[in-house]
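Peer 1: Could you work out the structure for the sequence below:
(2 chains)
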Amino acid sequence: MAGLRTKFYLDKRNRKWLGVCAGIADYTGVDVTIIRLAFVLGTVFGSGAPLLAYWIIAWMAPCKPRDQYDSDPDQKRFWQSVRANPRRTARDVRSRFRDIDRRLADVETYVTSANNRLAREIEQLR
Amino acid sequence: MHGPELIIMVVGILGILFIGLPWLVFHYVTRWKSQATITTEDENLLDELHELARRLDERMSTIERIVQADNPNWRAIAGDPVESALEDRSERSFETRRATNRPARRN
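Peer 2: Okay, the predicted model is just below:
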């Protein structure tokens, strides 16, 4: 992994102008159109501060490393949740492991009890 | 406003600008930096665990499908604490079959 996955990057691949809105959308998981609309409306009806902010962000933020363009939407959602709340994501992963553990215990009980039944059957046939 | 008042005001404004504001900024910067942040190792660990959970989940689904194909009501057996023999299971399935067949025979 070249860079941190929890940092903010400019998304140059899905950009309209400098990739700030696409970067914000990629970082947070909010739809990119909403963010662009907010920026445009804020600039037109507001003081023009969003334009300045856009420029500053584009100047300060690094471009996204090439290996971080996830083709897998599941992977993308996972990293967005990590950025939003790493602790909750870790708890989610733990709950998934617990779920797997429970299901495995079910199968184990079935297999062992089926073996016991079979053994008792054979014992009775003698 | 004359002499001393003006000087006090200028000093006050300069003080706020060059001492108060940086103080405020650095105060929040240090508080922000002291918060727990995620490192590259944490990220790698989390990524690996996520991947592992996904793979285990898939394997578990495969095993459940195999067991399901082997015996469709295995969940009832797995959740059955009574030491019942093999016939119990077959009897139960016969009973359900009889229960479904009986009305058909009467008619």
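Peer 1: Name the residue of chain B that lies nearest to chain A.
Peer 2: Nearest residue of chain B to chain A: residue B:78, at 3.8 Å (C-beta to the nearest C-beta). (C-beta placed from N, C-alpha, C; glycine too.)
Peer 1: Residue A:105 sits in which helix or strand?
Peer 2: If you go by DSSP states H and E, residue A:105 is part of helix A:86-125.
Peer 1: What residues does chain A have near chain B?
Peer 2: Contacts of chain A with chain B, taken as C-beta under 8 Å from any C-beta of the partner chain, map to A:1, A:4-6, A:74, A:78, A:82, A:86, A:89-90, A:93, A:96-97, A:99-100, A:103-104, A:106-107, A:109-111, A:113-114, A:116-118, A:120-121, A:124.
Peer 1: Out of the residues you listed, which end up buried?
Peer 2: A:4-6, A:78, A:82, A:86, A:89-90, A:93, A:96, A:100, A:103, A:106-107, A:109-111, A:113-114, A:117 (16 or more other C-beta atoms under 10 Å in any protein chain shown).
Peer 1: so for stretch B:16-25, what's the average pLDDT?
Peer 2: Taken as a whole, stretch B:16-25 has a mean pLDDT of 85.
Peer 1: Quick one: distance of it to the chain centre.
Peer 2: 42 Å (C-alpha atoms, centre = their mean, to the nearest Å).
Peer 1: What's the local residue count around the residue of chain B closest to chain A?
Peer 2: Counted with other C-beta atoms under 10 Å in any protein chain shown, residues neighbouring residue B:78 total 19.
Peer 1: For it, give me its contacts.
Peer 2: Neighbour list for residue B:78: A:106, A:107, A:109, A:110, A:113 [criterion: C-beta atoms under 8 Å, 6 or more residues apart in numbering or on different chains].
Peer 1: and what of residue A:15?
Peer 2: Residue A:15 neighbours (C-beta under 8 Å, 6+ apart): residue A:22.
Peer 1: for residue A:38, same thing?
Peer 2: residue A:50.
Peer 1: Please report how far the residue nearest to the spatial centre of chain A lies from residue B:4.
Peer 2: The centroid of chain A falls nearest to residue A:78 when counting by C-alpha atoms, centre = their mean (2.0 Å). From residue A:78 over to residue B:4 the distance is 64 Å, taken as C-beta to C-beta, to the nearest Å.
Peer 1: Residue B:51: how many residues sit nearby?
Peer 2: So residue B:51, with other C-beta under 10 Å, has 12 neighbours.
Peer 1: Tell me if it really is in a helix.
Peer 2: Yes - the assignment for residue B:51 (DSSP: H, G, I helix; E, B strand; the rest coil) places it in a helix.
Peer 1: How much space separates it from residue A:75?
Peer 2: With distances taken as C-beta to C-beta, residue B:51 is found 9 Å from residue A:75.
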